[in-house]
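Visitor: the sequence isn't on hand, but the structure is:
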C-alpha cells in the first residue's frame, strides 16, 4: 500500500483515480440531487465530543458483542453490491479482511461472490447475509437456506427497497454489470444471474430490481422469515420510531438505522439524526446498528455514544478494496481501529461501555450558552 494513504479519504481519492467510471459512479452516487448523501457526513460533524479527563487510560479495549458474538471492534462491513467491479477478489477480500480485524462481514444478495464462496474462503469470519425478497418466494427461501447451511450467523433484511431510487449517474452511464461478472448467488443460466449485464437504455440495476424484486413486501414477510430460519433477523433501512417498534413486534433481533447510503429517497434524515429516535423507541429490546457516512474513528465514537451497538461501513470498504484488494480493505479497517482507539483514549473511555450519551452534544448547545 502507498505510505501516503493514511485515512479513509486518502483511499477514496486514490480509488476515484483507478475505478472505471461505470463502477465509480455506481459506488459513489446517491439519489436525485444527493442532498442526503452529503448530509450523512455533514450531520455527523454537528455532534461534538465531550471528553472527560484524569481517567486511567493505560489499558483499553475496543471489543464488544453483536447478536451474542464477540467482536474485537464495534464496527463491521455493510452489504454493498457487485464488489468485483472494484477488485477481482471482491467480496471474498472484504470478508477475509473482516476476519483478520475480528468483526462481522455482510454479504449482499446481489453480490459477485456466492454465499458458498464466502464460507469457503472466509470460514473464520462472522458472516451475515443481506436479503432482498424476490417475487418468487421459493427463490428467497432457497437463498435463506443456503446462507444458513453455509454457516452465516444472521439474516439482514433490507426493508427500504420495494424498488430502487432514482440515481442519475447510473441512468446517464446506462449502468450494467461488466460482462465478465455475474450475480454469483444464482445459476449461470438463470436470468437472476445475467440480467444485470444488459441495460434497455436506462440503469440496468433499476431494471433488474423492477423485474425481480417484490414491491409488495410487508411486515407479514418478516414474520414469514422468522418461521423459515433459525438465524436472527435484522431489519436494515429503518429511520423512524414507528417502524422500529413494528420491527420488534415482528420478531427482529436487530434494527439497522440506514438510508441505503442515501441512494433511495433524497431528503430523508441523515442516519445519525435518526439514530436517537430509534434507540429511544426500542428501549433496549433489541440491538441497534447504523451506517451512512461514517469514515473516521471519531464518527464511530459519536454513533456509539448515541446508542448504536455497531457501526457498519459501506463505501470506505469499496475504496480500500479498489486500492489493494484484501490488504487495502484491511488497511481501512485498521486505520479506523487506530483512530477510534485514539479518540477513546483522549476522551476518557477505556472500553466501549464507557462511551455514553453524555459524551456527545449537538453544537447548537454552545450557541445557547
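Guide: Noted; the coordinates are in hand. All values reported here derive from a predicted model rather than from experimental measurement.

Visitor: please name the residues that touch residue 255.
Guide: 234-235, 238, 244, 247-248, 278, 282, 286-289 (Cβ atoms under 8 Å, 6 or more residues apart in numbering). Every residue, glycine included, has its C-beta placed from N, CA and C.

Visitor: report the secondary structure state of it.
Guide: Three-state assignment for residue 255 (DSSP: H, G, I helix; E, B strand; the rest coil): strand.

Visitor: and it, what's its pLDDT?
Guide: If you check residue 255, the pLDDT there is 98.

Visitor: same check, this time on residue 229
Guide: For residue 229, pLDDT reads 97.

Visitor: just to revisit the earlier point, which one of the contacts of residue 255 is nearest residue 31?
Guide: Nearest to residue 31 among these is residue 238, at 17.6 Å by Cβ to Cβ.

Visitor: wait, that closest one touches residue 254, no?
Guide: No. Contact criterion Cβ atoms under 8 Å: residue 238 and residue 254 do not qualify, at 9.8 Å.

Visitor: more neighbours, the two?
Guide: Using other Cβ atoms under 10 Å, the more surrounded residue of residue 238 and residue 254 is residue 238, with 31 against 24.

Visitor: how close does that one get to residue 156?
Guide: 12 Å (Cβ to Cβ, to the nearest Å).

Visitor: what's the answer for residue 117, then?
Guide: 18 Å.

Visitor: just residue 2 next, same as before
Guide: Distance, residue 2 to residue 156, by Cβ to Cβ: 33 Å.

Visitor: mind checking which of those two has more residues around it?
Guide: With neighbours defined as other Cβ under 10 Å, residue 2 and residue 156 compare such that residue 156 has more, 29 against 12.

Visitor: what bridges to the more buried one?
Guide: Counting by DSSP bridges, residue 156 is bridged to residue 130, residue 234.

Visitor: residue 76 is in contact with that one, correct?
Guide: No. The criterion here is Cβ under 8 Å, and residue 156 misses it with residue 76 at 10.7 Å.

Visitor: which neighbours do the two share?
Guide: The contact sets of residue 156 and residue 76 overlap at residue 106 (Cβ under 8 Å, 6+ apart).

Visitor: now the residue nearest to residue 147 when sequence neighbours are not counted: how far from residue 229?
Guide: In space, and not counting its chain neighbours, residue 147 is closest to residue 129: 3.8 Å by Cβ to Cβ, 6 or more residues apart in numbering. The gap separating residue 129 from residue 229 is 10 Å, by Cβ to Cβ.

Visitor: and residue 235, by the same measure?
Guide: 14 Å.

Visitor: looking at those two, which is more packed in?
Guide: The neighbour comparison of residue 235 against residue 229 (other Cβ under 10 Å) goes to residue 235, with 28 against 19.

Visitor: helices along the stretch 1-150 of the chain, start to end?
Guide: Remark: helices assigned in the stretch 1-150 of the chain by DSSP state H, counting those that start in this stretch are 8-18, 21-28, 35-45, 90-101, 115-121, 137-149.

Visitor: tabulate the ones you listed (TSV), appending mean pLDDT and mean neighbour count.
Guide: Putting these into TSV (pLDDT from 0 to 100; neighbours: other Cβ atoms under 10 Å) gives the following:
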stretch	mean pLDDT	mean neighbour count
helix 8-18	98	18
helix 21-28	96	20
helix 35-45	98	19
helix 90-101	98	26
helix 115-121	98	19
helix 137-149	95	16
